[in-house]
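Student: coords please:
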Amino acid sequence: MKRGFSSTSLVEYSSSEDEDNKEKPVKRKKLPTLPASLVVAAPVDNPSLHQGRKRNTPHVDGQWAAHVYISLGLNRKSAMFSLLSEAIQSAKDEIPTLNDFWSKDGSVGPELHVSLSRPIYLRAYQREDLKRAVKSLALTHPRFTLSFSTFAELINDERTRTFLTIEVGAGHHQLSQLSNALTPTLQAFRQKDYYAEPRFHASIAWALRDETPSDSQTQFPTIPGIPSQLIDHLNQEYRSRLAAKSMNFYDADTICVKIGKEVFSWRLKGPG
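Tutor: Prediction:
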């Protein structure tokens, strides 16, 4: 037998009260669209805009590519610039697809970079830490004399590009000290140290290698590498001039870090 309910246990609501107790839908206001000038577009890896070069590490939002190096200015009227221009042209006669780093119209001034790090990939909050570390190197390491001794071929870690380089003679020890002093900072950023047996150098020309994936719409010429016979020829023809004291003893007095497209530089400590 079902238990009954007394009439006093029931509460009657009028239809208007019932409607008032119903949740009314809330209209959400549409947020205004950001102006186009405030929208940062993600970089597009388009090799056709960079002579066939591809980004070795895919772009990650909030990540910045960086590089630490010694900067050496090169006057277009100097004997060194003349020598390197001759050597590059001689190499291009055999490998027309070689690219040099200096614009003919002078918009990009000739400059030699001697790397102290591999490419570094930073989070945004690490940029200032790297700048402080490089500035500290400048304050604690004295400037020194640097020279170049020989032509050589070097290939990047990804084996996508080959470089015609001039290798450092005098100054190798001081460059090693600077690079080693940077190691704790790189390890703190979980980045690779510089090479255990570094070949300090300045690159003067480059070409795409045959191993470069050809998945872009525009095809660019590649080479298997710079022939050893060409390197031998350059050394026979230009090495004595390259290594001459009167030619290329440089004051290595400026250390730079490039973060994204910005370059920051500091002078090394003066003598004494």
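Student: Against Ile88, how distant is the closest residue to Pro227 other than its chain neighbours?
Tutor: Excluding its sequence neighbours, the residue lying closest to Pro227 (Cβ to Cβ, 6 or more residues apart in numbering) is Glu94, at 7.4 Å. Quick note: C-beta positions are derived from backbone N, CA and C, even for glycine. Distance, Glu94 to Ile88, by Cβ to Cβ, to the nearest Å: 11 Å.
Student: thinking again about what came up before, just checking, the residue nearest to Pro227 touches Asp232?
Tutor: No. Contact criterion Cβ atoms under 8 Å: Glu94 and Asp232 do not qualify, at 11.9 Å.
Student: intersection of neighbour lists for those two?
Tutor: Shared contacts of Glu94 and Asp232, defined by Cβ atoms under 8 Å, 6 or more residues apart in numbering, are absent.
Student: Just the buried residues of the top strand by length along the chain, please?
Tutor: Longest among the strand segments of the chain by residue count, using DSSP state E, is strand 63-73. Using 16 or more other Cβ atoms under 10 Å as the test for burial, strand 63-73 gives Trp64, Ala65, Ala66, His67, Val68, Tyr69, Ile70, Ser71, Leu72.
Student: could I get those as JSON lines with distance to Ala188 and pLDDT?
Tutor: Listed next are these as JSON lines, based on distance: Cβ to Cβ, whole Å; pLDDT from 0 to 100:
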{"residue": "Trp64", "distance to Ala188": "16", "pLDDT": "93"}
{"residue": "Ala65", "distance to Ala188": "18", "pLDDT": "95"}
{"residue": "Ala66", "distance to Ala188": "14", "pLDDT": "96"}
{"residue": "His67", "distance to Ala188": "17", "pLDDT": "95"}
{"residue": "Val68", "distance to Ala188": "14", "pLDDT": "98"}
{"residue": "Tyr69", "distance to Ala188": "20", "pLDDT": "98"}
{"residue": "Ile70", "distance to Ala188": "22", "pLDDT": "97"}
{"residue": "Ser71", "distance to Ala188": "25", "pLDDT": "95"}
{"residue": "Leu72", "distance to Ala188": "28", "pLDDT": "94"}
